[in-house]
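Undergrad: What follows is a predicted structure for the sequence shown.
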Amino acid sequence: MDKKNILVVDAGKNIQLLITKCLDDAGYGVVTASDGESALTKIGKEPFTIVILDIMLPGMDGLQVLEKIKKLIPEQRVIMITAHGTVETAVEAMKLGAIDYLQKPFTYEDLRASVTHNISKISTVWVEQTATFGSCIAQGRRFLERNQLGQALLVIRKAITIEYERPETFNLLGALAELRGDLKVANRMYRVALALNNAYQPAILNLHRISQWKYDPININFGDVPAEKVPVVL
């Protein structure tokens, strides 16, 4: 299972600690930020399954930050929280793309329920939004670039159901296997891609690259190459 990392954006250190404990106890990885600028910087550097965003922030308010997040990563899922909310504010947040809106003080159960519910919806929504072969491949590449491997596998599988005999899907499956550290499967997937199209350059480059590593055919060991640092060609 891919680790679900959550970004908590709140100016209050006590709220950060409470939310972190709540989600950490539920098995999530939590990163915190105290303002919009630092939140946007962190979102630009690593993927987050969900962002929990307070409306009252120093500098940019939460609605401004939400708008910038959705421009940066349209599919990013954001839960808004506030102690001073109104119906109008909640409606505006939803119009800007928030997936939920929690009023402080909320209980641990309320927060966990919102996070769990919205994570469970992610795979279904992304598959529905990627209905063609080309859009599945494009989305799969984006997920792999962000190391969102579970979501990548989902849309790649969807692409295979649309057009089975295409090298792009098997090259991406090989890339996904590399990023998971399963180089035996990666090697096989790249070869399948080339069997479908022996001129497909990404698979040629990927297979050539891993063929240069130390390879033990008995133990299926490609040496001490960290999978996350492999320059995969998508």
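TA: Looks like it arrived, so ask away. Numbers count the residues shown, from 1 in each chain.
Undergrad: hey, let's count contacts and neighbours off CA atoms from now on
TA: Fine.
Undergrad: now for the helix or strand encompassing Val8, which elements pack on it?
TA: Per DSSP states H and E: Val8 is located in strand 5-9. Packing partners of strand 5-9 (3 or more CA pairs under 8 Å, 6 or more residues apart in numbering; DSSP states H and E): helix 13-25, strand 29-33, helix 36-45, strand 50-54.
Undergrad: Pull the second one out as PDB, backbone CA atoms only.
TA: By that I understand strand 29-33. Extracted in PDB, the C-alpha atoms of strand 29-33 (Å, rounded to 0.1, in the frame of the first residue of the first chain):
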ATOM      1  CA  GLY A  29       2.100  10.500   7.300                       C
ATOM      2  CA  VAL A  30       1.700  14.200   8.200                       C
ATOM      3  CA  VAL A  31       3.600  17.300   7.100                       C
ATOM      4  CA  THR A  32       2.800  20.700   8.500                       C
ATOM      5  CA  ALA A  33       2.900  24.300   7.300                       C
END
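Undergrad: for the record, mean pLDDT for that strand?
TA: If you average the pLDDT over strand 29-33, you get 95.
Undergrad: and that strand, how far out from the chain's middle?
TA: Centroid separation for strand 29-33 versus its chain: 15 Å, with CA atoms, centre = their mean, to the nearest Å.
Undergrad: who touches that strand?
TA: Strand 29-33 is contacted from outside by 3-11, 16, 20, 23-24, 39, using CA atoms under 8 Å, 6 or more residues apart in numbering.
Undergrad: For burial, what's the neighbour tally of Pro47?
TA: 20 (other CA atoms under 10 Å).
Undergrad: Spatially, which residue comes closest to it, not counting chain neighbours?
TA: Using CA to CA, 6 or more residues apart in numbering and skipping the chain neighbours, the partner closest in space to Pro47 is Arg146 (5.8 Å).
Undergrad: picking that back up, for the strand holding Val8, which strands pair with it and how are they oriented?
TA: strand 29-33 (parallel), strand 50-54 (parallel) (DSSP bridges).
Undergrad: ok, now how distant is Ala152 from Lys4?
TA: Distance, Ala152 to Lys4, by CA to CA, to the nearest Å: 14 Å.
Undergrad: more neighbours, the two?
TA: Ala152 (27 against 15).
Undergrad: what's the following helix or strand after the lowest-mean-pLDDT helix or strand in the chain?
TA: When the helices and strands of the chain are scored by mean pLDDT, DSSP states H and E, helix 108-129 comes last with a mean of 76. On the C-terminal side of helix 108-129, the nearest following helix or strand under DSSP H and E is helix 133-145.
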